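Colleague: sequence-free structure coming up:
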């Protein structure tokens with residue numbers, strides 16, 4: 001197996017790093033405080049092809065693989081997780097459009113994401129339906145040539161900013177198999193009955209918008225169905241596998257950024273008449289942190305490569321997701337500890353990284369859910 005990045009991949013990685021280093025640092029603290037993305041940064045990212053980079057060229061994207069997307073995400077998260085998430089989440093769910101939508105739907109929903117100023121969201125989680133997707137209660141009832149949608153969603157990225165939202169709905173509540181009760185329907189946010197309430201004061205990734213949604217007798221035409229009825233659950237699982245690779249990259253990125261901050265701090269600060277970097281205890285910690293990052297990166301590289309080469313491995317992806325997320329929390333915690341009291345001040349980036357890292361063990365499947373996936377692949381469901 002060749003672990004060397006191609007010339008094109010190195011170029012993409014370098015471009016992403018230069019963009020993040022050039023655009024994020026000067027606005028990161030402010031965007032975290034006001035809990036809002038600077039839209040000018042988003043537009044610059046879109047112009048450079050970073051937004052929806054995996055969208056096929058015939059719909060305006062760069063047609064890159066999920067491995068290349070992961071390289072971009074890791075570089076973004078290395079500099080600032082909040083801004084990185086705000087930019088990356090603009091196309092959350094577009095993978096489902098690529099895989100399951102009609103040609104006309106792809107043209108309608110994909111091209112504006114990369115060539116215009118559109119934002120999309122995907123609404124799956126509900127107040128009482130998190131890890132158990134089959135507990136979703138939002139309904140879509142066929143009335144003539146329309147669907148009438150009622151229900152609510154929780155923790156939806158860009159729910160208050162999106163132009164259209166892909167909504168997981170229960171369309172066949174009486175279907176015997178619970179996995180066949182759901183369908184995915186696109187909802188334009190300017191329709192009557194769409195309500196979005198931004199969730200403020202999140203612990204981390206505050207520059208990225210998150211909302212609670214409500215649908216009250218909201219009507220959309222039947223043509224807004226994405227794919228086939230009763231296939232929504234399966235479509236969502238496919239999305240999760242791809243997005244979990246993204247979370248792996250996020251984890252390695254925030255950990256790498258924290259490690260670099262720790263190295264800068266201990267090589268500059270003195271105690272007891274010596275640089276902190278001369279103390280063996282801290283040198284060991286740096287070695288351990290770097291090793292965890294490399295181990296996680298190797299694991300997710302393999303999982304991402306599998307996705308792009310048609311060798312999708314659910315268990316491997318789950319392993320990579322929980323491991324990279326766990327490493328992120330561990331490494332950032334150690335990096336903050338090395339900063340001492342300074343790490344407790346929001347003036348230092350490591351404090352923001354500490355708050356940002358925890359979400360990686362929660363969204364796109366908690367670490368407990370990922371371990372269940374791995375265990376089931378080895379032992380059966382029991």
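Modeller: Okay, I see it. All values reported here derive from a predicted model rather than from experimental measurement.
Colleague: now do the contacts for residue 219.
Modeller: By CB atoms under 8 Å, 6 or more residues apart in numbering, the contact list for residue 219 reads 143, 146, 147, 148, 149, 191, 192, 193. Using the backbone N, CA and C atoms, a C-beta is placed for each residue, glycine as well.
Colleague: from those residues, which would you call buried?
Modeller: Neighbour-count burial (16 or more other CB atoms under 10 Å) applied to those gives 146, 147, 148, 149.
Colleague: what separation do you get for the first one and residue 31?
Modeller: In this structure, residue 146 lies at 39 Å from residue 31, with CB to CB, to the nearest Å as the measure.
Colleague: then the third one?
Modeller: In this structure, residue 148 lies at 38 Å from residue 31, with CB to CB as the measure.
Colleague: if we can go back for a sec, among the contacts of residue 219, which ones are in strands?
Modeller: Of the contacts of residue 219, the ones assigned to strands by DSSP state E are 143, 146, 147, 148, 149.
Colleague: identify the bridge partners of the last one.
Modeller: Yep, that's residue 149 we're talking about. Bridge pairing for residue 149 (DSSP bridges) gives the partners residue 140, residue 218.
Colleague: show me the residues around it that make contact.
Modeller: By CB under 8 Å, 6+ apart, the residues touching residue 149 are 138-140, 167, 169, 185, 187, 193, 215, 217-220.
Colleague: and the residues you listed, which is closest to residue 356?
Modeller: Residue 356 has its nearest neighbour among the contacts of residue 149 in residue 167, at 27.3 Å by CB to CB.
Colleague: please give me every residue in contact with the closest one.
Modeller: 122, 123, 138, 140, 149, 153, 184, 185, 186, 187, 215.
Colleague: closest one to residue 10 out of these, please.
Modeller: Nearest to residue 10 among the contacts of residue 167: residue 122, at 31.2 Å, using CB to CB.
Colleague: quick one: mean pLDDT over the one helix or strand that closest one maps to.
Modeller: Using DSSP states H and E, residue 122 sits within strand 120-123. Mean pLDDT, strand 120-123: 98.
Colleague: and stretch 374-382, by the same measure?
Modeller: For stretch 374-382, the per-residue pLDDT averages 91.
Colleague: please point out which parts of that stretch sit buried.
Modeller: Using 16+ other CB under 10 Å as the test for burial, stretch 374-382 gives residue 374.
Colleague: would you mark the buried spots in stretch 65-84?
Modeller: For stretch 65-84, a neighbour-count test (16+ other CB under 10 Å) marks 65-84 as buried.
Colleague: I'd like to know which of those are part of helices.
Modeller: Mapping these onto helices (DSSP state H) picks out 66-79, 81-84.
Colleague: would you map the helices across the stretch 151-300 of the chain?
Modeller: Along the stretch 151-300 of the chain, counting by DSSP state H, counting those that start in this stretch, helices occupy 232-268, 280-308.
Colleague: need the winner for burial among those helices.
Modeller: Per-stretch averages of neighbours, counted by mean count of other CB atoms under 10 Å, single out helix 232-268 among these, with a mean of 23.
Colleague: picking up where we left off before, name the nearest of the contacts of residue 167 relative to residue 270.
Modeller: Each of those was scored against residue 270 by CB to CB, and residue 122 proved nearest at 49.7 Å.
Colleague: ok, that closest one - contacts?
Modeller: So residue 122 contacts 92, 93, 96, 156, 157, 165, 166, 167, 168, 239 (CB under 8 Å, 6+ apart).
Colleague: report the separation between it and residue 252.
Modeller: Residue 122 is 24 Å from residue 252, where distance means CB to CB.
Colleague: please enumerate the strands of the protein.
Modeller: With DSSP E as the criterion, the chain has strands at 120-123, 139-143, 146-157, 164-170, 182-188, 194-198, 210-221, 225-226, 270-271, 274-275.
Colleague: indicate which one of those strands is closest to residue 6.
Modeller: The nearest among these, by CB to CB, is strand 120-123 at 29.7 Å.
Colleague: partners of the closest one, with directions?
Modeller: When pairing is defined by DSSP bridges, strand 120-123 lines up against strand 164-170 (parallel).
Colleague: quick one: the strand it pairs with to strand 139-143, angle?
Modeller: Using axes from the mean of the first three to the mean of the last three CA atoms, to 10 degrees, the direction of strand 164-170 lies 90 degrees away from that of strand 139-143.
Colleague: and the chain, split by domain according to the record?
Modeller: In the domain annotation for the chain, the residue ranges read 7-115, 120-229, 234-379 (automatic domain parsing).
Colleague: mind checking the pLDDT average for stretch 62-77?
Modeller: Mean predicted confidence for stretch 62-77 is 97.
Colleague: to residue 360, which of the helices of the stretch 151-300 of the chain lies closest?
Modeller: helix 232-268 (5.0 Å).
Colleague: lowest-confidence helix or strand of this structure?
Modeller: Across the helices and strands of the chain, the lowest-confidence element by mean pLDDT, DSSP states H and E is strand 270-271, at a mean of 90.
Colleague: quick one: residues in contact with that strand.
Modeller: The contact list for strand 270-271 (CB under 8 Å, 6+ apart) reads residue 276.
Colleague: do stretch 280-287 as well
Modeller: 259, 262, 263, 266, 276, 277, 334, 338.
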